[in-house]
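Provide a 3D model corresponding to the input given below.
(one chain, ligands or ions: 1)
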Amino acid sequence: MGIEDILMHDESLFQNINAFDPDYVPPNYNFRDTQMEAMAMSIRPAMRGGQPSNAVVLGSPATGKTTAMRKVFELVEKNTEKVVCVYINCQIHTTRFGIFSQIYKKIFGHTPPETGVPFSRIYDQIMKELQKNSKSLIVAFDDINYLFQSNNANKVVYDLLRAYEEYPGVKSSIFAILSDLEFKYAFDKNVNTVFIPQEIIFPLYTYSEIEAILGDRVKAGFFPGVLSDDILEQVSMYTLENGDLRVGINLLRSCGNIAEADASREITQEHLDKAIDSIVSVNIMDTLGSLNDNEKAVLRIAADYDGIYTAGELLELSKEKIGISKSSFNRVIDKLEFVRLIDTKFTGKGVKGNSRQIILRFNPDEYSF
Ligand SMILES: Nc1ncnc2c1ncn2[C@@H]1O[C@H](COP(=O)(O)OP(=O)(O)OP(=O)(O)O)[C@@H](O)[C@H]1O
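Numbers count the residues shown, from 1 in each chain. The predicted structure follows:
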């Protein structure tokens, strides 16, 4: 098939290609009722003019935290005008001014001017407006760890949760959403006294949950009969073993695109295999791109050799070629193994350190680094 044929080919396997988009909100949102109920319980007092409570929302990537939060906010806003719900993506909005601009926008319908207006004026306008209309303010900070990185977490949370001191009657609470489970958030003392959160945990999805969720996506996205149960099972298994729901959703879309370009009326095993290969190679490229100079250099030395090095041999050669120390070398090896670019296998022979074999997990000829 020529390029033009691919572009102009008008038979589609997709009933709704947007069903695989990152911002698609599935009408069926199962397995998260407990968490959404807990969110609702935190907000509930605010619906009756009371004090809403704070929460920390914890769960690995793609366990549905953002979608659940948005759905609950939508329901709250549908049912009352007394609660202002603001969702902040902390990867995008990292400054105090940027965050309060978003809150301002939600309340007044437009963002404040970017220059010439001091933060204190915007803050004052927000709080006075809430006070005047007896409205509560609930702010969800998605990926709040980014706010700690930019050193703004304490200030922003303080500004929100202690607003009542200067503006009596103002009621506010926050949802701190975290995907990085290793991240230990620590607020200053003056924030800790007002931030006593309940924890809402989003566990990993099980195999059968993944299959049900992806199955719904298949129904929404493809025409009937395009993707068989067998392929769905394989995609679900791949998702469980290699990643998160987002991987599964992307894989479905990618199989569909490959089958379509092949002018096929259904998705076959071959299309799935191709889609998986392409995901793997994109991941490898991303990982290679994120390595530092030492890591790349050691990997290069290992890749340039036809046979398999032991760790000891690779260390000697790396010392000679790039002057790396033994401890740095060991860190590099641990990192390369952690990001799954190499495997280290004990041979049972040799003295300590020399007995590990370094095995590349990708074909170095296919990638540049
Ligand atoms: N229960 C579910 N039913 C249907 N789709 C779901 C469900 N849970 C998650 N998804 C889908 O998985 C993707 C990731 O979900 P979401 O962004 O809500 O997760 P998250 O936990 O906020 O992820 P991150 O921590 O990476 O931001 C979205 O496309 C969402 O539609």
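
residue contacts, Ser254?
Contacts were defined as C-beta atoms under 8 Å, 6 or more residues apart in numbering; by that measure Ser254 touches 275, 278-279. C-beta here means a position set from N, CA and C on the backbone, and glycine is covered the same way.

mind redoing it with 10 Å?
Going by C-beta atoms under 10 Å, 6 or more residues apart in numbering, Ser254 touches 20, 271-272, 274-276, 278-279, 282.

from the chain's centroid, how far away is the strand or helix carrying Ala275?
For Ala275, the host element (DSSP states H and E) is helix 269-289. Taking the mean of its C-alpha atoms, helix 269-289 sits 19 Å from the chain's own mean (C-alpha atoms, centre = their mean, to the nearest Å).

which residues of the stretch 1-150 of the chain lie near the ligand?
22, 26, 29-32, 59, 61-67 (C-beta under 6 Å from any ligand atom).

just the buried subset of the residues you listed, please.
31-32, 59, 62-67 (16 or more other C-beta atoms under 10 Å).

got CSV for the residues you listed, with pLDDT and secondary structure too?
As requested, these are exported to CSV (pLDDT from 0 to 100; DSSP: H, G, I helix; E, B strand; the rest coil):
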residue, pLDDT, secondary structure
Phe31, 97, coil
Arg32, 97, coil
Gly59, 95, strand
Ala62, 94, coil
Thr63, 96, coil
Gly64, 96, coil
Lys65, 97, helix
Thr66, 96, helix
Thr67, 95, helix
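
on that earlier part again, for the very next helix or strand once past the helix holding Ala275, which positions count as buried?
As assigned by DSSP H and E, the chain's next helix or strand after helix 269-289 is helix 293-303. Neighbour-count burial for helix 293-303, with 16+ other C-beta under 10 Å as criterion, is recorded at 294-299, 301-303.

can you give me phi and psi for the residue most central in space within the chain?
Most central in the chain under C-alpha atoms, centre = their mean is Pro61, positioned 4.4 Å from the mean C-alpha point. Dihedral pair for Pro61: phi -50, psi 140, per degrees, to the nearest 10.

distance of it relative to Asn89?
14 Å (C-beta to C-beta, to the nearest Å).

where exactly do the helices run in the stretch 1-150 of the chain?
Ranges of helices in the stretch 1-150 of the chain, per DSSP state H, counting those that start in this stretch, are 3-8, 33-47, 65-79, 96-108, 119-132, 145-149.

least confident of those, on average?
Note on the helices of the stretch 1-150 of the chain: lowest mean pLDDT is at helix 3-8, with a mean of 68.

mutual contacts of Pro61 and Asn89, please.
Asp143.

got phi/psi on Asn151?
Main-chain dihedrals, Asn151, degrees, to the nearest 10: phi 60, psi 20.

and it, how close does it get to Val56?
Distance, Asn151 to Val56, using C-beta to C-beta: 19 Å.

please identify which of the two sits among more neighbours.
Val56 (17 against 9; other C-beta atoms under 10 Å).

ok, the more buried one - contacts?
Applying C-beta under 10 Å, 6+ apart, we find Val56 in contact with 144, 174-178, 185, 195, 197-201.

top of those residues by neighbour count?
Phe175 (28 neighbours).

and it, that's in a strand?
Yes. Checked against DSSP: H, G, I helix; E, B strand; the rest coil, Phe175 lies within a strand.

I'd say it and Val76 touch.
No. Assessed by C-beta atoms under 10 Å, Phe175 is found out of contact with Val76, at 11.8 Å.

now for these two: what residues contact both?
39, 43, 52, 85, 138.

which non-adjacent residue is nearest whichever residue of the stretch 151-300 of the chain sits closest to the ligand?
The nearest approach of the stretch 151-300 of the chain to the ligand comes at Ser179, 3.4 Å away (C-beta to the nearest ligand atom). In this structure, Ser179 finds its nearest non-sequential neighbour in Pro61, 4.8 Å apart by C-beta to C-beta, 6 or more residues apart in numbering.

quick one, what contacts that neighbour?
Applying C-beta under 10 Å, 6+ apart, the residues contacting Pro61 are 143, 179-181, 243-247.

go through these and flag which are in helices.
For these, the ones inside helices are 245-247, with DSSP state H as the criterion.

mind giving me TSV with those and columns for distance to Tyr205 and neighbour count?
Shown next, in TSV, are the ones in helices among the contacts of Pro61 (distance: C-beta to C-beta, whole Å; neighbours: other C-beta atoms under 10 Å):
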residue	distance to Tyr205	neighbour count
Leu245	7	21
Arg246	12	12
Val247	12	19
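
circling back: same question for the helix holding Ala275, mean pLDDT?
Here the average pLDDT along helix 269-289 is 91.

what comes up buried for that helix?
The neighbour-count check on helix 269-289 (16+ other C-beta under 10 Å) flags 271-272, 274-276, 279, 283-284, 287-288 as buried.
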